[in-house]
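1. what's the 3D shape of this:
(chains A, B and C)
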Amino acid sequence: MKKNWTKFLVVALSVMMVFAMTACGGGSSDGGDDAAEGGAGVLHLGGTGPLTGPAALYGNAVKNGAELAVNEINAANPDGLQLSWDMQDDEHDAEKAVNAYNKLVDDGMQVLIGSVTTAPCTAVAAEAYANRTFVLTPSASGPAVTDGNDNVFQLCFSDPNQGIASAEYIKNNYADKTVGVIYNNADNYSSGIFDKFKSEYESDGKQLAAVEAFSDDANADFTAQLNSMKNAGVDLIFLPIYYTPASNIMTQAAKMGYAPTYFGVDGMDGILDLEGFDTNLAEGVLLLTPFTPYSEDAKVQEFVKAYEDAYGETPIQFAADAYDCVYTIYDAFQKTGLGADASMDEICEALIGVFTGGDFTSSGLTAESMSWNAAGEVDKTPKVCVIEDGKYVEK
Amino acid sequence: MAERLFKNIGSRGLKGAVKGSEYRKEAFISYGILLIGYILLQLGAMTGLIGRNLQGQFVPICVYVSLAISLNLVVGISGELSLGHAGFMAVGAFTGILVAKILERSMSINPLILIIAIIAAALTASIAGFIIGIPILGLRGDYLAIVTLAFGEIVRNFMNVLYFGFDSNGKLRFAFNHTIEGVDTSDRIITGAIGATGVTKMASFTAAALLTAFTLFVVLNLKNSKQGRAIMSIRDNRIAGESIGLEVRKYKLMAFVVSAALAGMAGCMFGLNYSTLAPVKFNFNTSVLILVFVVLGGIGNIWGGMIAAALLTVLPEALRQFADYRMLTYAIVLIVVMICTYNPTIKARVGLFVDKFKPKKKKSGKGKTGKEAA
Amino acid sequence: MNFLNSLISGLSLGSVYAIIALGYTMVYGISKMLNFAHGDVIMVGGYVSFILTMYVGMNGWLALLVAMVACTILGILIERLAYRPLRGTGSLAVLITAIGVSYFLQNSALLIWGANPRVFNSLFNGMKTIHAAGGQLTITPESLFTIIANIVIMIALTLFVSKTKAGKAMRAVSEDNGAAQLMGINVNQSISLTFAIGSGLAAVAGVLMCSAYPVLMPTTGAMPGIKAFTAAVFGGIGSIPGAMIGGLLLGIIEIFARAYISTELSDAIVFACLIIVLLVKPTGLLGKKINEKV
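-> So this is what the prediction gives:
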């Protein structure tokens, strides 16, 4: 039995050590926490997203974008309503996301901005629905996120809408092209868009010439998929995927000497700022996106500059969505007439009232006058951009 | 090779089975931990001492504890390295969700649905265990490990292309691609990589704790039965086992199938605890995580695995204060704890320290067992 | 033509797996442990080479050399700090520690280099793709060099293990640790050397892999690591030619499954082939038969 005891002791000791360390660690140093308790008090915003693991870039973009907005709001009006922002890691996992959400509730969060990715957000949404937390997600675009949850709203286009919009655009503008799709069959977002794209595109007798899939591994060999596209005579490939695997596909296609037109969705944004990527390869890529860091818009320019100064990298769309989320919540909260000391469920009901009231609109980096329907979907017009000379040009 | 794998660490189980008193002691400690843990956590939750964060982990803790117990049956008691436990969990979880979704259309008693779903999950997972268990019989050590790893990946890959839905007559249909014949896209209940959504949360702490108790009951009883002793003697010396006429294949398969069924049940409980479940959850990392519980708790030591599972499930949450350094800290804790528990020098020092506080007992001749000499 | 194109991609992918699998197989041969952190050493090699070429402006080939040195040191450090304290305690304990090391490397990379992916500049950027058969057949310099590198490494390693003193010592240790020690072989040194060679090769694999499939992230090494482990077992773990054959076969099966059967189920097909092979040959293609002693 000696060995058992030894083992138990060591495990217990190390865990106790960790607990002791966490207890000493004290409060988090997130923006706004130590802001002066102005007359209007502090509204606690929380978020969950992948800060570690393969999807970490999306979570970190949201973390930074929201932090920027919170700092701006707090600095602009130190005597008014102040915001605090606490982002917890969910590792792009539903179970961890629920844990992170519970932790935020324990810590006094009043409004949730998140989760960043769809599957975790779906799980959190159900918890938040039962627990009455208002949820505005910057980027979880799957339909299951809002389905049946009156408290959950999306700031991004939903996946089905993106799929339908892409299919319509391609049918209307590239009727003579042979269309193929490469999508990620292990990814919620990609499968969701592809699903609707296919049914919409094939709704009036047209056929997709080739459909190929890959699994989550972004660094795969795509020659088999590309050969299949090439052999089917595909000259327009729809890529409902994120920019990381897309850059890989474009590089490999170029090496094969295959140069189709690419059509991407909002996940494609970021491809031009991918360090080390030969942007010539992305020349002529079409994408449906609400945000580009190259926009002439003064607000966007200001945001991009502030973001680059603070974090040393160009913001992707997720950061802009999160930035808009914070401003939207801030504006909507002012409309409720509640004080910052209101409880989570009071705020939830009041915000639902504002969002579905019919006259609430919010303007930000990703769109002018966004409004929401009762189902929680945002109404904003997707912009189709084309990449020319290493820049996005609106079509 | 298998012998090497379990050098010095798999000896306790055998003694536990041979001596009735050891078995009773192990059962006593295991059930005790479960009962005390359950009572303490329930009390903490009722008095509000335990926050939402920890309360939300009650069910996953029970699930992981169950998984650690069931994997211990294969790794510790049967002596085979399995890297695909999450695959059985996946089979059970998706079966359970499917059954629950079907039953929900005609029944409204959730606990009853839960029980039926868990039974169904145990059935499908044991079938999966049987199918994959057959090739296992001819394999040893790491070759067996890779087959279980392959199995886990195959299951996950299939889940990514598997679609279930109800057609207009309420009949269940399935397909291996996006369009299921006769089923409207909105009537699909399991959709490939997106997995299951809109799952009714039926799991509860009490139900999960009862499942853990059941798992414990099955594994401990099996361990102390005639079959269990046969399984362990095969682990310790296959040739000796064969020479006295034990049907090695039958016993290995039995341990494997039982373990798979129990993993399926735990998976079902897990699946019915969240509103959504995607196949990506059941990847290689999850299989490895369960293995970590078993090894950290002491291979073959049932209650050690239980404690390790509970602590390691809570640990990443407790580390949230470290913010960006959280997972790094987790990795370091894991390495340090492994070295401290298994390194002979450190073990000896800590052991001396512990002995000072323990009533002197007869030294048991541990460490060297028959297989050392083989 | 499609067949030949697929064959070339398969050989190229398989060569990457084979070089990674070598690290697994050698380490397994000598210390009977599954070094699951091996895949992440590849990622580190990729990052070191990327940083040197992008920020320091170093020549790609020179950067490869530095990355090899860095990974060699890293490999030795990992063995010294994390694995050696557990030697002789059974391979499961070391396996879990290896997983801890893998988490450690991934999360360190995340903290040091950030979550944003990088696109690796191919080592062969100046070279032209060969188009044959009227443009139907394409051979990229990446494929060509990966395949050549694989063959060269394999020959060099086989010669090293069979002809040199250090190589013979390694073989002796993997055959019988205790007896080797009695014969005056420094076991610790042999094991360190094995880790050094395996990790150095991992850096080569990292650079070759990222040249062909250019995305570099903290988790880049994870999946190839698992695939290469599979390849090593496929060929018979512990055997150097086995790792090569296993890696090549795995790459070819993977690409052909994608090209001719289904891109959605290619991984399942690869793993199913593996199970079938192990059913027929329970110790892999070139694995040694386990002799049982009573």
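
2. Kindly spell out which helices and strands sit in contact with the helix or strand hosting residue A:306.
-> Counting by DSSP states H and E, the element that carries residue A:306 is helix A:298-311. Under the contact criterion of 3 or more C-beta pairs under 8 Å, 6 or more residues apart in numbering or on different chains; DSSP states H and E, the helices and strands touching helix A:298-311 comprise helix A:56-76, helix A:317-336. All C-beta spots, glycine's among them, are computed from the backbone N, C-alpha and C.

3. State the distance from residue B:231 to residue C:282.
-> Between residue B:231 and residue C:282 the distance is 20 Å, computed by C-beta to C-beta, to the nearest Å.

4. Between those two, point out the one with more neighbours.
-> Residue environment comparison for residue B:231 versus residue C:282 gives the larger neighbour count to residue B:231, 28 against 18, counting by other C-beta atoms under 10 Å in any protein chain shown.

5. residues contacting residue A:282?
-> The contact partners of residue A:282, by C-beta atoms under 8 Å, 6 or more residues apart in numbering or on different chains, come to A:247, A:250, A:262, A:271-272, A:387, A:390.

6. and if we set it to 6 Å?
-> When contacts are counted by C-beta atoms under 6 Å, 6 or more residues apart in numbering or on different chains, residue A:282 is found next to A:271, A:387.

7. ok, back up a step: any idea of the mean pLDDT for the helix holding residue A:306?
-> Across helix A:298-311, pLDDT averages out at 94.

8. what about residue C:84, neighbour count?
-> Around residue C:84 there are 18 other residues, counting by other C-beta under 10 Å.

9. and if you look at residue A:278?
-> One way to gauge burial is a neighbour count; for residue A:278, by other C-beta under 10 Å, it gives 17.

10. That one and chain C, how far apart?
-> Going from residue A:278 to chain C by C-beta to the nearest C-beta, to the nearest Å gives 8 Å.

11. Which secondary structure state does the nearest residue to residue A:104 once chain neighbours are set aside sit in?
-> Here the nearest residue to residue A:104 in space, its sequence neighbours aside, is residue A:46; by C-beta to C-beta, 6 or more residues apart in numbering or on different chains that works out to 3.7 Å. For residue A:46, the reduced secondary structure class is strand; criterion used: DSSP: H, G, I helix; E, B strand; the rest coil.

12. And for residue A:46, the neighbour number?
-> Residue A:46 has 24 neighbours, counted by other C-beta under 10 Å.

13. buried stuff in the helix holding residue A:306?
-> Residues of helix A:298-311 classed as buried by neighbour count (16 or more other C-beta atoms under 10 Å in any protein chain shown): A:300, A:303-304, A:306-307, A:311.

14. Can you name the residues in contact with it?
-> Contacts for helix A:298-311 (C-beta under 6 Å, 6+ apart): A:64, A:68, A:293, A:315, A:365.

15. Can you report how many residues neighbour residue C:72?
-> Around residue C:72 sit 22 other residues, with neighbours defined as other C-beta under 10 Å.

16. and whatever helix or strand it lives in, which residues are buried?
-> Here residue C:72 sits within helix C:60-78, counting by DSSP H and E. For helix C:60-78, burial by neighbour count (16+ other C-beta under 10 Å) applies to C:60, C:63-68, C:70-72, C:74-76, C:78.

17. if we can go back for a sec, name the residues linked to the residue nearest to residue A:104 by a beta bridge.
-> For residue A:46, the residues forming beta bridges with it (DSSP bridges) are residue A:86, residue A:112.

18. How about the residues of chain C by chain A?
-> Chain C comes close to chain A at residues C:2, C:5, C:9, C:13, C:110, C:115-119, C:121, C:129, C:138, C:140, C:213-215, C:219-220, C:223, C:255, C:258-259, C:263-264, C:267, as judged by C-beta under 6 Å from any C-beta of the partner chain.

19. Can you select the buried ones from these in PyMOL?
-> Restricted to the buried members of the residues of chain C next to chain A, where burial is judged by 16+ other C-beta under 10 Å, the PyMOL selection command reads as follows:
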select buried, chain C and resi 5+9+13+110+115+116+117+118+119+121+129+138+140+213+214+215+219+220+223+255+258+259+263+264+267
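
20. Against chain B, which of the residues of chain C next to chain A make the cut? List them.
-> When those are filtered against chain B using C-beta under 6 Å from any C-beta, the residues retained are C:264, C:267.

21. Inside helices: which ones of the residues of chain C next to chain A?
-> The helices, defined by DSSP state H, take in C:2, C:5, C:9, C:13, C:110, C:223, C:255, C:267 from the residues of chain C next to chain A.

22. Quickly check the residues you listed for the two that are furthest apart.
-> With distances taken as C-beta to C-beta, the most widely separated pair in these is C:2 and C:110, at 39.4 Å.

23. Show me where chain A has its helices.
-> A:2-25, A:56-76, A:94-106, A:118-131, A:159-173, A:188-201, A:223-231, A:243-256, A:298-311, A:317-336, A:344-356.

24. And chain B, is the helix holding residue C:72 touching that?
-> No - using C-beta under 6 Å from any C-beta, helix C:60-78 never reaches chain B; the gap is at least 10.0 Å.

25. if we look at that helix, which residues are touching it?
-> C:41, C:45, C:48-49, C:52-53, C:101, C:123, C:192, C:195-196, C:199-200, C:202-203, C:207.

26. Chain B: which of the buried residues of helix A:298-311 is nearest?
-> residue A:311 (13.3 Å; C-beta to the nearest C-beta).

27. what about the closest residue to residue A:259 other than its chain neighbours, neighbour count?
-> Counting by C-beta to C-beta, 6+ apart, residue A:259 lies nearest to residue A:253, which is 7.0 Å off, once chain neighbours are set aside. Residue crowding around residue A:253 was assessed by other C-beta under 10 Å; the count is 21.

28. I figured residue A:253 hits residue A:223, correct?
-> No - taking contacts as C-beta atoms under 6 Å, residue A:253 lies outside contact range of residue A:223: 9.0 Å.

29. ok, now which ones touch the residue nearest in space to the middle of chain A?
-> Among the residues of chain A, residue A:139 comes closest to the average C-alpha position under C-alpha atoms, centre = their mean, at 2.7 Å. Under the criterion of C-beta under 6 Å, 6+ apart, the contact partners of residue A:139 comprise A:116, A:156, A:318, A:321.

30. any low-confidence regions in the chain?
-> Picked chain A for this. For chain A, residues meeting the criterion pLDDT under 70 lie at A:1-39, A:217-219.

31. oops, chain B please
-> Answering for chain B: the residues below the bar, that is pLDDT under 70, span B:1-19, B:351-374.

32. Now do the strands in it.
-> B:163-166, B:172-175, B:188-191, B:195-196 (DSSP state E).

33. Which strands or helices does the shortest one pack on?
-> For strand B:195-196, not one helix or strand is in contact under the criterion 3 or more C-beta pairs under 6 Å, 6 or more residues apart in numbering or on different chains; DSSP states H and E.

34. how close does the one residue in the stretch 101-250 of chain A that gets nearest to chain C get to residue C:266?
-> Each residue of the stretch 101-250 of chain A has a distance to chain C, by C-beta to the nearest C-beta, and the smallest belongs to residue A:224, at 3.5 Å. Distance, residue A:224 to residue C:266, by C-beta to C-beta: 8 Å.

35. what is in contact with those two at once?
-> Contact with both residue A:224 and residue C:266 is made by residues residue C:258, according to C-beta under 6 Å, 6+ apart.

36. For residue A:52, what are phi and psi?
-> The main-chain torsion angles of residue A:52 are listed as degrees, to the nearest 10 and equal phi -130, psi 170.
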